[in-house]
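> For reference, the sequence and a predicted model appear below.
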Amino acid sequence: MTTSSSTHVVLIPSYNPGPKVYDTVRAARQQWSPVWVIVDGSDDGSAEGLQQMAATDAGLQVFVLPYNSGKGAAVLHGLDQASRLGFSHVLCMDSDGQHPAAQIPAFMAASQQQPQAMVLGLPVFDASAPSLRVKGRKISNWWANLETLWMGIGDSLFGFRVYPVEPLRRIMQRQHWMRRFDFDPEAVVRLCWAGVQPVNVPSLVKYFQADEGGVSHFNYWRDNRLLTWMHIRLMFGFALRLPLLLLRKLRRG
């Protein structure tokens, strides 16, 4: 059964996702309305296919950006639209089918119960997950928890999340980082610094092989270098905020 909302919207940034995007959008629409897809300069024909789907589905809206500007930039475009139309929260999910659309209602309910918080997916991996990526994310998680004095970030990289619109929008508008693969970890760290509490909800994740329609744009060298630079930057921000973070932690006991 599809749940309709005037406060919470599903946001799917999408860049050359392959045919899995259509299954992803259909699965999301079975659970929620509205669903928005931000086509981030794709040139694989998916923009046209998605626009055809939206033409017969009032609960689906497709925004097409003229060129590829990165996941964070696509999410920011969605946040601006959400703010303009009066939505208070967005659930972000990937377009490649890795994230469980069936859990959208549970994540939205968790957000509605704690609207000041961000609801973070805590990935539950199966045998399809690449071992190197599962182990590598532990490094990013450790850094993100250090940078926030262990405020409760369960996973810094998993992108199946519900964000409060205005706090994240303000953070992104103040600086030009967080526009590409660095978006997910930097968003949770900076939201924690802003006092937005994380709520972790276990979530199944599925990695698809190429012969199953899976598409990955992750580049180990480029993206790990980006994450390393991001954590260096965040450590400088952490040092500046350390007295405030310590005081906040002491008050919470």
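Received it, and whenever you're ready, just let me know what you need. Numbers count the residues shown, from 1 in each chain.

> So which bits of the host helix or strand of residue 230 are buried?
Assigned by DSSP states H and E, residue 230 falls within helix 220-252. Applying a neighbour-count criterion of 16 or more other C-beta atoms under 10 Å, one finds 227, 230-231, 234, 238, 241, 245, 248 buried in helix 220-252. For glycine as for every other residue, the C-beta is placed from the backbone atoms N, C-alpha and C.

> and the residues you listed as JSON lines, adding pLDDT?
Converted to JSON lines, the buried residues of helix 220-252 look like this (pLDDT from 0 to 100):
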{"residue": "227", "pLDDT": "85"}
{"residue": "230", "pLDDT": "91"}
{"residue": "231", "pLDDT": "92"}
{"residue": "234", "pLDDT": "95"}
{"residue": "238", "pLDDT": "95"}
{"residue": "241", "pLDDT": "94"}
{"residue": "245", "pLDDT": "92"}
{"residue": "248", "pLDDT": "89"}
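
> measure stretch 186-204 end to end?
Chord length of stretch 186-204, first to last residue, is 22 Å (C-alpha to C-alpha, to the nearest Å).

> low-confidence ranges in the stretch 101-250 of the chain?
211, 213-215, 217-218 (pLDDT under 70).

> how about the strands in it?
Using DSSP state E, counting those that start in this stretch, the strands assigned to the stretch 101-250 of the chain run over residues 118-125, 161-164, 198-205.

> quick one: contacts of the second one?
Residues outside strand 161-164 that contact it (C-beta atoms under 8 Å, 6 or more residues apart in numbering): 8, 79, 88-92, 107-108, 110-111, 115-121, 184, 187, 191, 196.

> Cross those against helices and list the overlap.
79, 107-108, 110-111, 184, 187, 191 (DSSP state H).

> could you check the distance from residue 110 over to residue 77?
For residue 110, the distance to residue 77 (C-beta to C-beta, to the nearest Å) stands at 25 Å.
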